[in-house]
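my questions concern the predicted model and sequence given below.
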Amino acid sequence: MIVLEKRRQPSRHWMLAAPVLAVLLTMVVGGAMFAALGVAPLEAIRTIFWDPLFDPQFAAYSRPQLLVKAGPLILIAIGLSLGFRAGIWNIGAEGQYIMGAICGAAAGLAVYPSASVLVFPLMVVAGALGGWAWAMIPAFFKTRFGTNEILVSLMLVYVAESILASVSSGLLRNPEGRGFPGSRNLSQWDAAANRELIAGTGLHWGVVAAFIAVILAYILLTRHIQGFNIRLSGEAPRAARFAGVNPARVVIFCLGTAGALAGLAGLFEVAGPAGQISIDFNSGYGFTAIIVAFLGRLHPVGILLAGLLMALTYIGGELAQLMLGLPGASIQLFQGMLLFFLLGVDVLTNYRLRLGRGEKA
Amino acid sequence: MAAPLLSLTGLTKAYPGVVANDDVSFAIGEGEIHALLGENGAGKSTLVKMIYGLVKPDAGEMQLGGAPYAPSEPSAARRAGVAMVFQHFSLFDALSVAENVALGMEAPPRTRDLARRIREVSEAYGLPLDPFRVVGTLSAGERQRVEIVRCLLQEPRLLIMDEPTSVLTPQEVSILFDTLRQLRAEGRSILYISHKLEEIRALCDTATILRLGKKVATCTPAEVSARELAEMMVGASFAAPVARPRARGEVLLEVAGLSLPAPGAFGTPLRDISLTLRRGEVLGIGGVAGNGQDELLAALSGERLAPAGSVRLSGQDVSRKGPLARRDAGLLSGPEERLGHAAAPDMSLTENAVLTAARREGLLSRGFVNWGRARDFAQTVIDRFDVRTPGTGTAARALSGGNLQKFVIGREILQRPEVLVVNQPTWGVDAAAAAAIRQALLDLAEAGAGIIVISQDLDELMEISDRFAALNEGRLTSARPVADLSVEKIGLMMGGAHDMEAPHAHA
């Protein structure tokens, strides 16, 4: 029999080794799945992890995509990680992302076709506010009535999706779009476009914002009392109250920050890579960011790396669909495995495995 | 002494890095109450776990009633006639007494029969208990009866009791002792673990003392003094706390008409609590566990806000202020539960120093934590209070209970509070460390602070308090000077007889 024995101190080695082991296990089991689908496993894994970066044929297109995809994932995951650290489970980043995009785009479109340099900053502020406001709904209900933020934030995703469908064929529809749903293309409007800052890298303002968020979150969590209070609330809620932390304030801060960052991610996406508000604007970044946050161990630097890795599986997954004819669902399964193994291996940070009959303590 | 019931020979058990029991041998006679004494970490619980089949010894052997005895699990120990009452009860609040007892049995009889058996046994041993009462409504003393009756139903030859009196009033203690003496008269043996030396001297026939995993001595407790016993436990003589005369100053803390609803289904409401605390004074608050101690501490620390005007600190109304503002004003506290309340288990000692000392010790500048100073402060606490730990980076949960207690109490004392409220400051702390903590509290009072000590250890309260009050079902008696109190009066105060109505004595 295998027995789990609690460690006296969390193991530092395992904390670092767990994500690596999880990635390896995902490759092994994912490879077996690909083999079962009739694709050579090594080739599938090479197509997902190697080709997007180094294959001479694809890299020119794929490499910039890495930052384009990683940017919003990192930005959202940083916001989520603050809440997760405090034991506040915001599952609705996807909705906050959509609302940020809608509000930011709407603010810009309201002054169309102005060429002012203030248009883009205005959209950025509106995007952040949109996401923040959407996240304030679960925050309000949680602090006021003690509702469960998981359910409220998650259900608001579907409300946001309905609003997205409504505005893209109604309020924000391109008047010159000959009746097709979808807004004007923001990326083709100079004053509003979130363009690539260095050609061929995929670096846009959203990626810059993501890097800044990583740095600020790192400083917040390691140096600032607010970050300390967030960690304390998550690790020992009773001790946090004893220390004088106001739980409602932590909820509002964490949900608000996550909402604002998700809203920013939505705005940068709609003004750049996506270009317009449309019914299928959202692509699940808000949910994938949850995986990114945990894969990165809720640590800002970890999230940076995890975001890049997850972006790679996205791009590589598309490539694998294209080149090897793998079904899209198998790629999602592959990403799901990553989270599954990470959480599984995670146990080893706090527990050690012992073979043989254990002693009950 | 009669023929031995259980004899232990050379029992040894090592864990990585520590030898919990090293070649321990002694025997418990038939019909004997045998005390097992030792500081925290001396190896008492490991030894008991081996006897009860929870842990397998590395070496050595046991004999029960002349036959080799090596229980592989607790159910084997129970079949052999060994039963144990744990310090922490394993009862479900929402179930009745009979249901709780049935849960612990391998083949429970029908509830009606079981209830009858419970009644018979409880009456036979002077432990009245209604089998259909819901456990959540029972006092700590009654819960302990459930555990004892549960054991007695197995007709044990050896009953192990781990710190049984820590939750009892003096009257309940004497009832329990009558029960234990009755069991002894029937020829059953009892292994009695406690750190209350006077109790052991009054009750036990023999005492075995452990220190650092080794047996130090087996003696007859009635023939040695409590002080000698304590010194055998600690292995050196230590200074008992000395209270020097202190000047009483102005009123620091005034609580008037403080009432708060119960925080949860099994919490205790506070009912119209009033007290005053002067500079240089130690107010002891006694009471059986679960009578509002946690709730009172939360209302004083600011974790729960109190009705306006009910808590005044140096004349200022702080009742609507949270812990931060109260700490700024000099009102500090130390809750009973160390892990998860007074300290965050997975955080380092440095981080746990920041937990309450951030503002008073100037560990923040414009919201940023100065980790260097936080480490220095944590190190100061460790040095001054002799906290045994590898360093300030150690997680709180890696410390033993006593060491962590020294850390959390030291953390508050070193912040020079005006008023310090502590709940169970020496719970689970070894004798020498407990004496050190008490001395530190007395020194703090001498320096002009007002101190409230909430404790279930009456000896402790008598030793350090100037005045004593008791909590009962969320009510606080008026405080009386300790010098005028007898143990009996205290018991009546704790039992809720505000004015000396004779208690309803069983047994």
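Great, that's in hand. Numbers count the residues shown, from 1 in each chain, chains lettered A, B, ... in the order given.

helices of the stretch 401-507 of chain B, start to end?
Using DSSP state H, counting those that start in this stretch, the helices assigned to the stretch 401-507 of chain B run over residues B:401-413, B:431-446, B:458-464, B:487-494.

could I get these as a markdown table with mean pLDDT and mean neighbour count?
In this view, the C-beta of every residue, glycine as well, is placed from N, C-alpha and C. Compiled in a markdown table, these are given as follows (pLDDT from 0 to 100; neighbours: other CB atoms under 10 Å in any protein chain shown):
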| stretch | mean pLDDT | mean neighbour count |
| --- | --- | --- |
| helix B:401-413 | 91 | 25 |
| helix B:431-446 | 89 | 21 |
| helix B:458-464 | 85 | 20 |
| helix B:487-494 | 77 | 19 |
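
out of those, flag the one nearest chain A.
Ranking the helices of the stretch 401-507 of chain B by distance to chain A, with CB to the nearest CB as the measure, places helix B:401-413 first at 10.2 Å.

any residue of the closest one touching chain A?
No. Contact between helix B:401-413 and chain A is absent, the nearest approach being 10.2 Å (criterion: CB under 8 Å from any CB of the partner chain).

just the CA coordinates for that helix, please, in CSV.
Extracted in CSV, the C-alpha atoms of helix B:401-413 (Å, rounded to 0.1, in the frame of the first residue of the first chain):
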residue,chain,number,x,y,z
GLY,B,401,3.2,23.3,20.2
GLY,B,402,5.1,24.6,23.2
ASN,B,403,7.8,26.4,21.1
LEU,B,404,5.2,28.0,18.9
GLN,B,405,3.3,29.1,22.0
LYS,B,406,6.4,30.8,23.3
PHE,B,407,6.8,32.5,19.9
VAL,B,408,3.3,33.9,19.7
ILE,B,409,3.1,35.0,23.3
GLY,B,410,6.6,36.5,23.1
ARG,B,411,5.7,38.3,19.9
GLU,B,412,2.9,40.1,21.7
ILE,B,413,4.8,40.8,24.9
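
next, the angle helix B:431-446 makes with it.
Angular relation of helix B:401-413 and helix B:431-446 on a 0 to 180 degree scale: 10 degrees, by axes from the mean of the first three to the mean of the last three CA atoms, to 10 degrees.

helices or strands up against helix B:401-413?
Helix B:401-413 sits against strand B:331-334, helix B:349-357, helix B:371-384, strand B:419-423, helix B:431-446, with contacts defined as 3 or more CB pairs under 8 Å, 6 or more residues apart in numbering or on different chains; DSSP states H and E.

after the second one, which helix or strand is next?
In the C-terminal direction, the helix or strand that comes right after helix B:349-357 (DSSP states H and E) is strand B:364-365.

residues in contact with that next one: which ones?
Contact with strand B:364-365 is made by A:Ile225, B:Ala358, B:Asn370, as judged by CB atoms under 8 Å, 6 or more residues apart in numbering or on different chains.

any buried residues in stretch A:191-203, and which?
Within stretch A:191-203, the residues that qualify as buried are A:Ala191, A:Ala192, A:Ala193, A:Asn194, A:Glu196, A:Gly202, A:Leu203, counting by 16 or more other CB atoms under 10 Å in any protein chain shown.

make that stretch B:134-153, sorry
The neighbour-count check on stretch B:134-153 (16+ other CB under 10 Å) flags B:135, B:138-153 as buried.

what average pLDDT does it get?
In this model, stretch B:134-153 has an average pLDDT of 85.

also stretch A:221-229?
The predicted model gives stretch A:221-229 an average pLDDT of 95.

and B:Gly187, how close does it get to A:Ile2?
Taken as CB to CB, to the nearest Å, the spacing of B:Gly187 relative to A:Ile2 amounts to 44 Å.

quick one: which of these two has more around it?
Neighbour totals were compared for B:Gly187 and A:Ile2, and B:Gly187 leads with 12 against 8 (other CB atoms under 10 Å in any protein chain shown).

next, that one: secondary structure please.
coil (DSSP: H, G, I helix; E, B strand; the rest coil).

pretty sure it contacts B:Gly31?
Yes. With contacts counted by CB atoms under 8 Å, B:Gly187 reaches B:Gly31, the gap being 4.5 Å.

check which helix or strand covers A:Ala217.
Taking DSSP H and E as the definition, one finds A:Ala217 inside helix A:205-223.

please name every helix or strand in contact with that helix.
Counting contacts by 3+ CB pairs under 8 Å, 6+ apart, the secondary-structure elements packed against helix A:205-223 are helix A:59-85, helix A:225-235, helix A:247-271, helix A:300-324.

who are the packing partners of the third one?
By that I understand helix A:247-271. If you count contacts as 3+ CB pairs under 8 Å, 6+ apart, helix A:247-271 packs onto helix A:59-85, helix A:93-110, helix A:119-145, helix A:149-169, helix A:205-223, helix A:225-235, helix A:237-243, helix A:285-295.

buried stuff in the second one?
Read that as helix A:93-110. Along helix A:93-110, these residues count as buried under the neighbour rule (16+ other CB under 10 Å): A:93-109.

same thing with the fifth one?
Buried residues in helix A:205-223, counted by 16+ other CB under 10 Å: A:Trp205, A:Gly206, A:Val207, A:Ala209, A:Ala210, A:Ala213, A:Val214, A:Ala217, A:Tyr218, A:Leu220, A:Leu221.
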